[in-house]
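[1] coords please:
(one chain, ligands or ions: 1)
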Amino acid sequence: MTGRRSCPICGEIYNVYFRPAKVDNQCDRHPEARLTQRADDTQEKVRVRLETYKRETAPLLDYYQRTGRLQRVDGTRSPEEIYSDIEEILNNEVVRTELGESTNAD
Ligand SMILES: [Zn+2]
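    This next block holds a predicted model:
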């Protein structure tokens, strides 16, 4: 997260590790602009965000795991693939809920 940089003119996102600009710290399309780093992408802010995750979000994983409702989605793929996975999970959830209700009615 600390590698992310963006162009203040066009908003293009670069990453010093995974998608560096052609010239260091300079937008490929706007050489006059210096790339900026989001305030919450600094190392200290990232550390705090990870701690918050561990304290407040991670316990939810245990809870949903225990109650058999945890669904995992691989977040390293394209937004379209991730969206499609989530959509499928939600659709299955709706079908399951509807089936559950009709069974209860019988
Ligand atoms: Zn730009």
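[2] what ranges do the strands span in the protein?
    4-6, 13-15 (DSSP state E).
[3] these into TSV, with extra columns for distance to residue 57, mean pLDDT and mean neighbour count?
    For the C-beta atoms, the positions are set from N, CA and C on the backbone; glycine is no exception. TSV is the format used below for the strands of the chain (distance: least, Cβ to Cβ, whole Å; pLDDT from 0 to 100; neighbours: other Cβ atoms under 10 Å):
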stretch	distance to residue 57	mean pLDDT	mean neighbour count
strand 4-6	21	91	19
strand 13-15	24	92	15
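[4] which one of those strands lies closest to the ion?
    strand 4-6 (8.5 Å; Cβ to the ion).
[5] ok, residues contacting the closest one?
    The contact list for strand 4-6, computed with Cβ atoms under 8 Å, 6 or more residues apart in numbering, reads 12-16, 21, 25, 35-38, 41.
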